[in-house]
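1. model this:
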Amino acid sequence: MTSTSLFYHAVGNGQPLVLLHGWGVNSSIFLPLLEHLHQYSCLAIDLPGFGDSNAVEGDFEEWVDAIAAHIPSQSLVLGWSLGGLLATRIAQRYPDLVSGLITVASSPCFLAEPEQQWPGIAAPVLQQFEQQLLQDLPKTVERFLALQAMGSETARDDIKRIRELVLARPQPQASALEQGLAMLGSVDLRDSLKQVNSPWLRIWGKLDGLVPRRVVPLLNTEMNQGVDATDVIINKASHAPFISHTDEFLRHFQQWSMQKGFI
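-> Next up is the predicted model:
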């Protein structure tokens, strides 16, 4: 716990590794992963208004600033889903803080853009979540938690594990959920990917229904030129590969970390 506004879990010793979770959950989602990462100094941060962190007024850039204030210099920064969008922006704006970027089941633009043939979440789906938040916040969050594992061969067990980890902590603040949905529906970093100067590992789930694997070849075009990016697709994983395929996820992460000289 810090004396400032954001809560975090801290474990291990070594290379700093910051972990940022996705929408609707909190940093407890990473607790099973942290058990395997003691060779790093891990900080799993609750995003603003989630878990035990205070809300932050403002938009995407204000969240980026608030999170960056907690990141040690020359950290590996791992972001899952919405956390990956934030981690990417932190790497762009605070390059001295980020020695390596890892995004998991995350897109530089989550909203589907049919005219540009960009795959993602359909606008009506996000609008539906926004409407449901106003009617029944807990039910909406639980429904979204179930979506995290849909498609995975172990979906039932994965959903149970996610619920147990996340619901043991305070539920997110409604304002933070609204802010996060707005980010998923409006932030587009595709044109600025070349600003990522650190090595970048991108891990995807082949069965992910929220961030389709069709994003990968679209990224590996001119928007990706000059970026030291490595893409890994986990075949039988959905949106939470570090939950459903922990060993395979860790193997890819450790191999990349060794290749880049982080461990």
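
2. which positions in stretch 19-28 come out as buried?
-> L19, L20, H21, G22, W23, G24, V25, N26, S27, S28 (16 or more other C-beta atoms under 10 Å). For every residue, glycine as well, the C-beta is placed using N, CA and C.

3. quick check: end-to-end length of that stretch?
-> 11 Å (C-alpha to C-alpha, to the nearest Å).

4. what mean pLDDT does it get?
-> Computed over stretch 19-28, the mean pLDDT rounds to 95.

5. how distant is it from the center of its chain?
-> In terms of C-alpha atoms, centre = their mean, to the nearest Å, the centre of stretch 19-28 is set 7 Å apart from its chain centre.

6. what are the ranges of the helices in the protein?
-> Secondary structure of the chain, counting by DSSP state H: helices at 31-34, 60-68, 82-93, 123-135, 137-147, 155-167, 174-186, 215-219, 241-244, 246-259.

7. possible to save these as TSV with mean neighbour count, distance to G49 and mean pLDDT?
-> Below are the helices of the chain laid out as TSV (neighbours: other C-beta atoms under 10 Å; distance: least, C-beta to C-beta, whole Å; pLDDT from 0 to 100):
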stretch	mean neighbour count	distance to G49	mean pLDDT
helix 31-34	16	20	93
helix 60-68	19	9	97
helix 82-93	25	12	98
helix 123-135	14	13	87
helix 137-147	16	12	80
helix 155-167	17	14	85
helix 174-186	18	2	94
helix 215-219	16	27	94
helix 241-244	26	23	93
helix 246-259	16	27	97
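
8. can I get those in JSON lines with distance to V11?
-> JSON lines is the format used below for these (distance: least, C-beta to C-beta, whole Å):
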{"stretch": "helix 31-34", "distance to V11": "5"}
{"stretch": "helix 60-68", "distance to V11": "18"}
{"stretch": "helix 82-93", "distance to V11": "18"}
{"stretch": "helix 123-135", "distance to V11": "32"}
{"stretch": "helix 137-147", "distance to V11": "24"}
{"stretch": "helix 155-167", "distance to V11": "15"}
{"stretch": "helix 174-186", "distance to V11": "25"}
{"stretch": "helix 215-219", "distance to V11": "31"}
{"stretch": "helix 241-244", "distance to V11": "16"}
{"stretch": "helix 246-259", "distance to V11": "15"}
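
9. out of those helices, which is closest to I45?
-> Of all those, helix 60-68 sits nearest to I45, with 6.3 Å by C-beta to C-beta.

10. for that closest one, give me every contacting residue.
-> Outside helix 60-68, the residues that touch it by C-beta atoms under 8 Å, 6 or more residues apart in numbering are 5-6, 20, 45, 47-48, 56, 85-86, 89-90, 93-94, 97, 179, 183, 186-187.

11. please apply the same query to stretch 201-219.
-> Applying C-beta under 8 Å, 6+ apart, the contact partners of stretch 201-219 are 81, 100-108, 110, 118-121, 147-148, 150-152, 193, 229-241, 244, 249, 252-253, 256.

12. which parts of that stretch are buried?
-> Those would be 201-205, 207-208, 210-212, 215-216, 218-219, for stretch 201-219 by 16+ other C-beta under 10 Å.

13. and of the residues you listed, the nearest to R143?
-> Comparing these against R143 with C-beta to C-beta places L210 closest, at 12.8 Å.

14. gap between that closest one and D136?
-> Separation of L210 from D136 (C-beta to C-beta, to the nearest Å) stands at 21 Å.

15. ok, residues contacting stretch 127-135?
-> By C-beta under 8 Å, 6+ apart, stretch 127-135 touches K139, T140, R143, F144, A174, L177, E178, L181.

16. next one: it to chain centre, how far?
-> 22 Å.

17. again, but for stretch 160-169
-> That offset, for stretch 160-169, works out to 17 Å (C-alpha atoms, centre = their mean).

18. do stretch 109-129 as well
-> Distance, centroid of stretch 109-129 to centroid of chain: 18 Å (C-alpha atoms, centre = their mean).
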